[in-house]
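[1] Model the following, please.
(4 chains)
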Number of protein chains: 2
Amino acid sequence: MGRWKVPENLWMRPERSARGPQPSFSRAALTEAAVRVADAEGLEAISMRRLAAEIGAGTMSLYRYVSGKDDVIELMVDSVVAQYLPEDAVISGDWKADLGALARRARRTMLRHPWLAPLAANRQGASPNRLRLLEASLRMVDGLGLGVDEMLTLIGAVFAYVNGFVQSELAEAEALRRTGLDLKEWTALQAPFMMAVIASGDHPMIARMATEGGRAYADIEERFEYGLERVLDGIEARLPESDG
Amino acid sequence: MGRWKVPENLWMRPERSARGPQPSFSRAALTEAAVRVADAEGLEAISMRRLAAEIGAGTMSLYRYVSGKDDVIELMVDSVVAQYLPEDAVISGDWKADLGALARRARRTMLRHPWLAPLAANRQGASPNRLRLLEASLRMVDGLGLGVDEMLTLIGAVFAYVNGFVQSELAEAEALRRTGLDLKEWTALQAPFMMAVIASGDHPMIARMATEGGRAYADIEERFEYGLERVLDGIEARLPESDG
DNA sequence: ACTCAACCAGGTACGGCGTACGCAATGGGG
DNA sequence: CCCCATTGCGTACGCCGTACCTGGTTGAGT
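    Numbers count the residues shown, from 1 in each chain, chains lettered A, B, ... in the order given. Have a look, this model is predicted:
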């Protein structure tokens, strides 16, 4: 029948209202603590109890500032995602350079905050800084003869690549951090299985990879650049003719 | 000083050993139950207690088959990821067609199992079916004049795009499922904030998007194809000259 | 044929988690 | 000045992953 509980929009609820005692904390302090803890110990270290302790509050007091853990995550993402684009960013008019720079800054930000990549990929509700980024991205590709829908498709493709790349880039490092192993131990753990696979003879390419490709794979920066430039090139090749 | 607990490699531990009573369950049954539950109720419905109940076992009995929840996830991913490539897949020799088909099947599989995309992006340990996919992918791009490292870079770029795209594609649907809202309620919830943003006048492109781009954005299939083809085109343009 | 180490099933318990609920204290608007 | 919206937060509930332990089962070695 009726609604049971209408979830409120975090970004519309004012931080504080007129009447009542002075709040002792703030969303900003909560967000800062959450980002700090997640940077140092990973997203799984984020709990309402832990955050409350971190800012010197009672656990349930947090619920005066956010409606639940999801809101905390939302605040974390929005605050950090702002770094994708510097405050004073200007749009040069060269869409490939502008969008490429945004993509590279996005990657750097996600590498600095390893918990961000999966969240950034999975959330898409509107938030202040995400909208600011979207606005800037649209301006970068405005004037190429594309409709708004096509601009969104273009931007979406670039960010799909960036998010996907950074996630796989971080996967190994995060696995190591979670298990507390170092790289040597981890490969030693995988080795017997890989050996068995290679010995089976069913996977000749993987065998080649294990021997021939032994020199550390391509540099990770190069790999990111390779894909990013391929995406931008592929997009450029199908742009409508410009009458400039 | 010494090691405290060496995590064992799931894929090297034999499912059953010689001595002792007949096992009542199996990894396969556990995996099947896990996939079934996650498909129907989402990854957050997966718990050791729930899975045990699902196959009629005591909770702690599961630990005879896997070393913990992580192993269950690993089994789920490996079992489902097999669908990226049909058993009888043949490599045509047209690398764009082959890799494109693999990418499209990967997307279809992730859409059928909405819990898969984030896991597929974040795991990269070796597992039987993942190695089978890697082997096939390498064979698809063999003979293009690339070294193994370059092949891996190429394949990585394509899958980065696919994973990133599908994750953002699923984000909204998953948010709706988690909250139990339907699309109308969800947009109604976001509306006031979007209205405020548009009214502020700071985001003209977003305002244009909200009015002009009202017609449902581009079809999602088209958007996926657009990006996939741009990536493949961009790659092709920089391939070494073929002497065919 | 017998033994017993190796294996199985699973109960209990511990320390975490998110958060619903209720209560006492506070302080600005009327 | 006083009302009551608002704050801080203690308690409690129902989940979670899994360490540890007991007690039953079985096949390989003698």
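[2] mind checking the SS state of residue A:239?
    When classified by DSSP: H, G, I helix; E, B strand; the rest coil, residue A:239 comes out as coil.
[3] Quick check: it vs DNA strand D, distance?
    Separation of residue A:239 from DNA strand D (Cβ to the nearest atom of the strand, to the nearest Å) stands at 48 Å. The C-beta positions use only the backbone N, C-alpha and C, and glycine is treated the same way.
[4] Helix or strand next in line after the lengthiest helix in chain A, which one?
    Identified as the longest helix of chain A according to DSSP state H is helix A:148-179. As assigned by DSSP states H and E, the chain's next helix or strand after helix A:148-179 is helix A:183-200.
[5] quick one on the thing from earlier: the longest helix of chain A versus helix A:183-200: what angle between them?
    Angle of helix A:148-179 versus helix A:183-200, following axes from the mean of the first three to the mean of the last three Cα atoms, to 10 degrees, is 100 degrees.
[6] and helix A:148-179, how far from the chain's centre?
    Centroid separation for helix A:148-179 versus its chain: 7 Å, with Cα atoms, centre = their mean, to the nearest Å.
[7] do the same with stretch A:122-129
    Mean-position distance between stretch A:122-129 and its chain equals 11 Å (Cα atoms, centre = their mean).
[8] For residue A:66, see how far away residue A:54 is.
    The gap separating residue A:54 from residue A:66 is 14 Å, by Cβ to Cβ, to the nearest Å.
[9] I'd like to know which residues of chain A are adjacent to DNA strand D.
    Taking Cβ under 7 Å from any atom of the strand as the test, the list of chain A residues beside DNA strand D reads A:16-21, A:23-25, A:57-61, A:63-65.
[10] hmm, try it at 10 Å
    By Cβ under 10 Å from any atom of the strand, the residues of chain A that approach DNA strand D are A:14-26, A:48-49, A:52, A:55-65.
[11] So if I had to pick from residue A:54 and residue A:66, which one is more boxed in?
    Per other Cβ atoms under 10 Å in any protein chain shown, whichever of residue A:54 and residue A:66 has more neighbours is residue A:66, with 21 against 16.
[12] what about the most centrally placed residue in chain A, which helix or strand?
    In chain A, the residue lying closest to the centroid (Cα atoms, centre = their mean) is residue A:117, at 2.8 Å. Using DSSP H and E, residue A:117 sits within helix A:116-122.
[13] name the helices or strands packed onto that helix?
    In terms of contacts (3 or more Cβ pairs under 8 Å, 6 or more residues apart in numbering or on different chains; DSSP states H and E), helix A:116-122 is packed against helix A:69-81, helix A:95-112, helix A:148-179, helix B:116-122, helix B:148-179.
[14] Return the set of buried residues in the first one.
    Neighbour-count burial for helix A:69-81 flags A:71-81 (criterion: 16 or more other Cβ atoms under 10 Å in any protein chain shown).
[15] restrict those to contacts with DNA strand C.
    Answer for the buried residues of helix A:69-81 near DNA strand C (Cβ under 10 Å from any atom of the strand): A:71-73.
[16] With distance to chain B as added columns, please give these in TSV.
    Formatted as TSV, these follow (distance: Cβ to the nearest Cβ, whole Å):
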residue	distance to chain B
A:71	13
A:72	16
A:73	12
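[17] need the residues of chain A near DNA strand C, please.
    For chain A, the contact set with DNA strand C under Cβ under 10 Å from any atom of the strand comprises A:5, A:17-24, A:44-53, A:58-64, A:66-73.
[18] burial count for residue A:120?
    The number of residues near residue A:120, taken as other Cβ under 10 Å, comes to 27.
[19] average pLDDT across stretch A:118-133?
    Mean pLDDT, computed over stretch A:118-133, is 94.
[20] picking that back up, list buried residues within the residues of chain A next to DNA strand C.
    Of those, these count as buried by 16+ other Cβ under 10 Å: A:46, A:48, A:51-52, A:61-62, A:66-67, A:71-73.
[21] And the average pLDDT for stretch A:17-35 is what?
    Taken as a whole, stretch A:17-35 has an average pLDDT of 93.
[22] can you list the weak-confidence ranges in chain A?
    Chain A contains residues with pLDDT under 70 at A:1-7, A:213-218, A:242-244.
[23] Recalculate using a threshold of 50.
    When residues are selected by pLDDT under 50, those of chain A lie in A:1-4, A:244.
[24] Can you give me the domain assignment for it?
    What automatic domain parsing lists as the domains of chain A is A:27-66, A:82-237.
[25] a markdown table for the ones you listed, including distance to residue B:236?
    Below are the domains of chain A laid out as a markdown table (distance: least, Cβ to Cβ, whole Å):
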| stretch | distance to residue B:236 |
| --- | --- |
| domain A:27-66 | 38 |
| domain A:82-237 | 9 |
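[26] I figured the residue nearest to the centre of chain A hits residue A:171, correct?
    No. Counting by Cβ atoms under 8 Å, residue A:117 stays clear of residue A:171, with 9.4 Å between them.
[27] thinking again about what came up before, out of the buried residues of helix A:69-81, the closest to residue A:148 would be?
    Proximity of these to residue A:148 (Cβ to Cβ) peaks at residue A:81, which lies at 21.8 Å.
[28] Does the nearest residue to that closest one once chain neighbours are set aside fall in a helix, a strand, or a coil region?
    Nearest residue to residue A:81 in three dimensions, chain neighbours excluded: residue A:129, at 5.2 Å (Cβ to Cβ, 6 or more residues apart in numbering or on different chains). Following three-state DSSP, residue A:129 is assigned to helix.
[29] Residue A:129 - how many residues pack around it?
    By the criterion of other Cβ under 10 Å, residue A:129 has 16 neighbours.
[30] who's in contact with it?
    Applying Cβ atoms under 8 Å, 6 or more residues apart in numbering or on different chains to residue A:129 gives the contacts A:78-79, A:81-82.
[31] right, is the strand or helix carrying residue A:28 up against chain B?
    According to DSSP H and E, residue A:28 maps onto helix A:27-41. No. Legend: contact between helix A:27-41 and chain B by Cβ under 8 Å from any Cβ of the partner chain is lacking; minimum distance shown is 15.6 Å.
[32] how near is the closest residue to residue A:137 other than its chain neighbours to chain B?
    Nearest in space to residue A:137, with sequence neighbours left out and distances taken as Cβ to Cβ, 6+ apart, is residue A:155 at 4.7 Å. Residue A:155 is 10 Å from chain B, where distance means Cβ to the nearest Cβ, to the nearest Å.
[33] Surely residue A:155 and residue A:139 touch.
    No. With contact defined as Cβ under 8 Å, residue A:155 does not count as touching residue A:139 (10.8 Å).
[34] So which of these two has more stuff around it?
    Just comparing residue A:155 and residue A:139: by other Cβ under 10 Å the higher neighbour count belongs to residue A:155, 19 against 16.
[35] before we move on, back to that, and which of the ones next to DNA strand C among the buried residues of helix A:69-81 is nearest to residue B:99?
    Once Cβ to Cβ is applied, the member of those that ends up nearest residue B:99 is residue A:73, at 34.8 Å.
[36] how far away is residue A:14 from DNA strand C?
    13 Å.
[37] Check the burial of that residue by counting its neighbours.
    The number of residues packed near residue A:14 is 6, by other Cβ under 10 Å.
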